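K.L.:
The following block contains a protein sequence and its predicted model.
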Amino acid sequence: AQSVAQPEDQVNVAEGNPLTVKCTYSVSGNPYLFWYVQYPNRGLQFLLKYITGDNLVKGSYGFEAEFNKSQTSFHLKKPSALVSDSALYFCAAGGGGTASKLTFGTGTRLQVTL
Amino acid sequence: GAVVSQHPSWVICKSGTSVKIECRSLDFQATTMFWYRQFPKQSLMLMATSNEGSKATYEQGVEKDKFLINHASLTLSTLTVTSAHPEDSSFYICSARDQGRFTEAFFGQGTRLTVV
């Protein structure tokens, strides 16, 4: 069975500072990995994905993520946080080289303060 | 990206009544859609996979007769919560993939269901 772990319930960072939201995964076969963001009472918005290729993936709104196969991690990063980045972030994985059935992490709330 | 629209955004209903939630793929055809349930401050729980023209595949523990799913066309899947009870109150989200263009799934706006 595949699983996704987001070890931090909440991450606090000051505006302008770099941010990291952690994610580790356990899937069989080649993993398909995704990051989504959710604002209050809204659906999920796609940020970025890793399917194959470069380990550093760039996505929307200045976010990027680094795929590390040996550590089975896919941490989300941004060089300079904005207050508007405050939201709930979900890491998701599709196992066996498919994105059809996703397993989500528990989510990490990012709070960016002035 | 692809556009998935969900309706209604919120609904309040009385206990014992049924509520239908629609999920539409606006600019693509989706043979498969997914229905999730999200409890407050928790992750998304996959309820079922909706398959166009055939029966939905439900996850373990999800009552098929309680949560009726119909995927009658390539752009529309519906989730009907039958005989709703207060414990069915939750945030329901659908998703779909435009397999011809994108690897990632796109999500509807979600539906906040409150049963009183």
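P.N.:
Sure thing, it's come through.
K.L.:
Which residues of chain A lie near chain B?
P.N.:
A:32, A:34, A:36, A:41-46, A:49, A:51, A:90, A:99-102, A:104-107 (C-beta under 8 Å from any C-beta of the partner chain). For every residue, glycine as well, the C-beta is placed using N, CA and C.
K.L.:
redo that, cut-off 10 Å
P.N.:
A:4, A:6, A:9, A:32, A:34-36, A:38, A:41-51, A:60, A:88, A:90-92, A:94, A:98-107, A:109 (C-beta under 10 Å from any C-beta of the partner chain).
K.L.:
Take the residues you listed and keep only those in helices.
P.N.:
With helices taken from DSSP state H, there is no overlap with these.
K.L.:
which SSE is the closest residue to B:L74 other than its chain neighbours in?
P.N.:
Leaving aside its chain neighbours, B:L74 sits nearest to B:Q29 (3.8 Å; criterion: C-beta to C-beta, 6 or more residues apart in numbering or on different chains). Counting by DSSP states H and E, no helix or strand carries B:Q29.
K.L.:
my guess is B:Q29 contacts B:H71, does it?
P.N.:
No - using C-beta atoms under 10 Å, B:Q29 makes no contact with B:H71, being 11.5 Å away.
K.L.:
got any residues that touch both of the two?
P.N.:
Shared contacts of B:Q29 and B:H71 (C-beta atoms under 10 Å, 6 or more residues apart in numbering or on different chains): B:E52.
K.L.:
Name the residue in these two with the higher neighbour count.
P.N.:
When neighbours are counted by other C-beta atoms under 10 Å in any protein chain shown, B:Q29 and B:H71 differ, and B:H71 comes out ahead with 23 against 13.
K.L.:
Phi and psi next, for the more buried one.
P.N.:
When read as degrees, to the nearest 10, the backbone of B:H71 gives phi -130, psi 70.
K.L.:
Could you do A:G62 as well?
P.N.:
Torsion angles, degrees, to the nearest 10, at A:G62: phi 80, psi 0.
K.L.:
For the residue lying closest to it once chain neighbours are set aside, which residues count as its bridge partners?
P.N.:
Using C-beta to C-beta, 6+ apart and skipping the chain neighbours, the partner closest in space to A:G62 is A:K78 (5.5 Å). With DSSP bridges applied, A:K78 shows beta-bridge pairing to A:L19.
K.L.:
can you count the residues close to A:K78?
P.N.:
Close neighbours of A:K78, defined as other C-beta under 10 Å, add up to 21.
K.L.:
pLDDT score assigned to it?
P.N.:
Listed pLDDT for A:K78 reads 98.
K.L.:
Contact partners for it?
P.N.:
Counted by C-beta under 10 Å, 6+ apart, A:K78 has contacts A:13, A:17-21, A:59, A:61-65, A:85, A:110, A:112.
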